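Chemist: Below is the structure, and that's it, no one-letter string:
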């Protein structure tokens, strides 16, 4: 088990190194930060001084090594746009995005799994058909459109929920949370639904397909022949057997939710990392972009590790004989 | 003695886009308490289908379209799902063909035994677990007390089928429907498993319907045997009689096609042609296009089971009113 975790972490290192290289390459090849920071009026001496202070006159590998070293310490330099440390900016914005992503994932799993089970069990009921039609809408409508429609209905017409922002937040240590205030929770509803809807429909369709598959297996038929109650068969035997693929997809989707909250954050003016990223792209704020890229890579790598560990928890067949050595 | 299981004129249909297929047609037989009835026939003859109909687990869209199934005199073919569920496990146990796929891979065999025992017998967890270990011992799992916490994949195929047998028997049903219980096993394991099954059924006084296409297993295990062909029973009778003196031309062909061990044969006997598809069962006797003894009546009128000296055969050769009669039937008068 421990060996497995260590081997997975070792595998993750080259992935992170490649992402770091790409992030770093942005400094060298995307735009000219010096020109951006200096503006219109500058002397050659000022330019030289800035190049030296940013370390841009040093060789590529020295710069990359320095970048890596700093990144390991959470140092990504100063934002070109805001002239503040990038790590500070991201730490400020991360709670908003993480809370949003967490709520969206919760919505998609807590609603998507039961809907998938229901549509798998009662394939031909009118409610299942309704769910499937609804899921088609969720899959095919773009996120920004769903967000705008929700704002139109619930903020403009009904006036029930705020159309933008995070509401009031409470500071818990360095973490600013919107989960503890009524306005913060209200502000979470629309963006969570918008962000989670696609994943919800995906999880529902996946669970449904897996349930249909599992319900046809011999062990489910045998469980019926043993006289077990339907509840036990459906939720104990069938659902658990659908979990491995569901965990895979849900895990990857969680990474996706965090990484691609950009659109939702823009629509709802949510003060998270996505919004920060979009603003940084607009002003070629490369340190922020590079840090964001690396953070997202780290999130994906971590989620993949957790997903693999969950496989082990769910499926005993993976546990025997030092399963870590085999594949993945 | 009153039969434990009575099946009368059972008819199973599959509605399809191109019309209704009749998978079982007029199947009737009894199983007495403690009796082992073998069911033989080619693939698709309806053996497994009969078993599935009895335990009430026909694959949709298949459905019982006619006839009756009675257990201890009580009709069970038309029960609501929930009532039938109480009968499954508790009164009728089932064993399926492939032990590699019949056990849930994610739960230990102990857990699967315990849940079966608890849900059917309503015992507390400790007692259920004690019985789970006891059943694993009964089916010959070595070191049962330790193995009870193993997962199915940690057992070999033969051992898994023993676990399946334990699961089928653990709620002490009166009838076991065993659908090809040894077909998926190594030949060397088959005899062990069938001996175990037979021994346990005898000890507990459990009746058994043993579906197989292996005549050797039938001859070894069953008291009576029913030969199925195209969804109908062709012949039914005591094993000795059916094996040694088959009456129905199909049964004769079937027995003749078993290669003899005691002498060399140049060419294996076979029945010409193949079993008709369900959508194209000929009128009259379903076997008539392949039958060496066929005569006029067979092509028009469907034979019922007739007394045929020791067994009962669905063949017009045994009807005194037929224009052609089996030689031995003539002798008996």
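Modeler: Looks like it came in fine. Everything numeric in this text was worked out from a predicted model, so none of it was measured. Numbering: from 1, shown residues only, chains lettered A, B, ... in the order given.

Chemist: Contact residues of chain B facing chain A?
Modeler: With the criterion set to CB under 8 Å from any CB of the partner chain, chain B comes near chain A through B:55, B:57, B:81, B:85-90, B:93-94, B:96, B:98, B:101-108, B:112, B:115-116, B:119-120, B:151, B:153-154, B:164, B:167-168, B:171. Heads up, the C-betas are built off the backbone N, CA and C, glycines and all.

Chemist: Narrow the residues you listed to those that are buried.
Modeler: B:55, B:57, B:85, B:87-90, B:93-94, B:96, B:98, B:101-108, B:112, B:115-116, B:119-120, B:151, B:164, B:167-168, B:171 (16 or more other CB atoms under 10 Å in any protein chain shown).

Chemist: leaving aside the residues next to it on the chain, what's closest to whichever residue of the stretch 151-300 of chain A sits closest to chain B?
Modeler: The minimum distance from the stretch 151-300 of chain A to chain B, using CB to the nearest CB, falls at residue A:227 (2.6 Å). In this structure, residue A:227 finds its nearest non-sequential neighbour in residue B:89, 2.6 Å apart by CB to CB, 6 or more residues apart in numbering or on different chains.

Chemist: Helices along chain B, start to end?
Modeler: B:47-54, B:81-87, B:99-102, B:109-121, B:125-138, B:144-147, B:157-169, B:187-204, B:215-221, B:239-244, B:249-256, B:327-332 (DSSP state H).

Chemist: separation between the residue of the stretch 151-300 of chain B found nearest chain A and residue B:163?
Modeler: For the stretch 151-300 of chain B, the residue closest to chain A is residue B:151, as judged by CB to the nearest CB, at 4.4 Å. For residue B:151, the distance to residue B:163 equals 11 Å [CB to CB, to the nearest Å].

Chemist: And the pLDDT at residue 328?
Modeler: I went with chain A, as the question did not name one. Looking at residue A:328, its pLDDT stands at 36.

Chemist: oops, chain B please
Modeler: If you check residue B:328, the pLDDT there is 63.

Chemist: these two touch, right, residue A:240 and residue B:106?
Modeler: Yes. Using CB atoms under 8 Å, residue A:240 is in contact with residue B:106, at 5.4 Å.

Chemist: list the residues that contact both of the two?
Modeler: When contacts are counted by CB atoms under 8 Å, 6 or more residues apart in numbering or on different chains, residue A:240 and residue B:106 are jointly contacted by residue A:314.

Chemist: what number of residues lie near residue B:84?
Modeler: Burial of residue B:84 is recorded as 18 neighbouring residues (other CB atoms under 10 Å in any protein chain shown).

Chemist: and it, what does it touch?
Modeler: Contacts of residue B:84 (CB under 8 Å, 6+ apart): B:56, B:76.

Chemist: Kindly recompute the last result at 10 Å.
Modeler: Residues near residue B:84 by CB atoms under 10 Å, 6 or more residues apart in numbering or on different chains: A:224, A:227, B:55, B:56, B:57, B:76, B:77, B:78, B:92.

Chemist: could those go into TSV alongside distance to residue A:81 and pLDDT?
Modeler: Formatted as TSV, the contacts of residue B:84 follow (distance: CB to CB, whole Å; pLDDT from 0 to 100):
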residue	distance to residue A:81	pLDDT
A:224	63	92
A:227	68	90
B:55	71	93
B:56	71	91
B:57	67	91
B:76	77	93
B:77	77	90
B:78	76	89
B:92	75	94
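
Chemist: Which ones among those lie within strands?
Modeler: Within the contacts of residue B:84, residues falling in strands by DSSP state E are residue B:92.

Chemist: now, which of the contacts of residue B:84 sits nearest residue A:169?
Modeler: residue A:224 (51.8 Å; CB to CB).

Chemist: Surely the closest one and residue B:89 touch.
Modeler: Yes. Contact criterion CB atoms under 10 Å: residue A:224 and residue B:89 qualify, at 9.0 Å.

Chemist: Now do the shared contacts for the two.
Modeler: residue B:55.

Chemist: Let me know the outermost residue of chain B.
Modeler: Of all residues in chain B, residue B:126 has its C-alpha farthest from the mean position, at 35.0 Å, by CA atoms, centre = their mean.

Chemist: what's the single longest helix in chain A?
Modeler: helix A:86-121.

Chemist: That one vs chain B: in contact?
Modeler: No. Counting by CB under 10 Å from any CB of the partner chain, chain B is not contacted by helix A:86-121; separation bottoms out at 12.9 Å.

Chemist: Spit out the contact partners of residue A:273.
Modeler: A:89-90, A:92-98, A:100-101, A:258-259, A:261-262, A:265, A:280, A:288, A:291-292, A:295-296.

Chemist: Skip the chain neighbours and tell me the closest residue to residue B:45.
Modeler: Residue B:45's closest residue in space is residue B:228 (CB to CB, 6+ apart), at 4.2 Å.

Chemist: Could you list everything that neighbour pairs with in the sheet?
Modeler: Counting by DSSP bridges, residue B:228 forms beta bridges with residue B:233.

Chemist: just checking, it touches residue B:37?
Modeler: No. Residue B:228 is beyond contact range of residue B:37, at 11.7 Å (criterion: CB under 10 Å).

Chemist: Give the residues shared as contacts by the two.
Modeler: Contact criterion CB under 10 Å, 6+ apart; residues shared by residue B:228 and residue B:37: B:211, B:236.

Chemist: List the contacts of the residue nearest the centre of chain A.
Modeler: By CA atoms, centre = their mean, the mean C-alpha position of chain A lies nearest to residue A:258, the distance being 2.3 Å. Taking CB under 10 Å, 6+ apart as the criterion, residue A:258 is in contact with A:94, A:97-98, A:100-102, A:104-105, A:195, A:272-274, A:295-296, A:299-300, A:303.

Chemist: Where does it sit, in terms of helix or strand?
Modeler: In the assignment (DSSP states H and E), residue A:258 maps to helix A:239-259.

Chemist: How far off centre is the least confident helix or strand in chain A by mean pLDDT?
Modeler: Ranked by mean pLDDT, DSSP states H and E, the weakest helix or strand in chain A is helix A:33-38, scoring a mean of 72. Here helix A:33-38 is found 32 Å from its chain centre; the criterion is CA atoms, centre = their mean, to the nearest Å.

Chemist: same thing with stretch B:7-18?
Modeler: Averaging C-alpha positions (CA atoms, centre = their mean) puts stretch B:7-18 18 Å from its chain's average.

Chemist: Any buried residues in that stretch, and which?
Modeler: In stretch B:7-18, counting by 16+ other CB under 10 Å, buried: B:7, B:10, B:11, B:12, B:13, B:14.

Chemist: give me every residue that touches the last one.
Modeler: Taking CB under 10 Å, 6+ apart as the definition of contact, the neighbours of residue B:14 are B:20-23, B:49, B:58-63, B:65, B:278.

Chemist: Show me the shaky parts of the stretch 201-328 of chain A.
Modeler: A:320-328 (pLDDT under 70).

Chemist: typo on my end, it should be the stretch 51-200 of chain A
Modeler: If you take pLDDT under 70 as the line, the stretch 51-200 of chain A has no such spans.

Chemist: now with 90?
Modeler: Within the stretch 51-200 of chain A, the segments meeting pLDDT under 90 span A:51-102, A:123-125, A:132-199.

Chemist: Can you pull the residues of it lying near chain B?
Modeler: So the stretch 51-200 of chain A never meets chain B (CB under 10 Å from any CB).

Chemist: can you give me the strands in the stretch 51-200 of chain A?
Modeler: A:170-172, A:175-177 (DSSP state E, counting those that start in this stretch).

Chemist: most tightly surrounded among those?
Modeler: Among the strands of the stretch 51-200 of chain A, strand A:175-177 has the highest mean neighbour count (mean count of other CB atoms under 10 Å in any protein chain shown), at a mean of 16.
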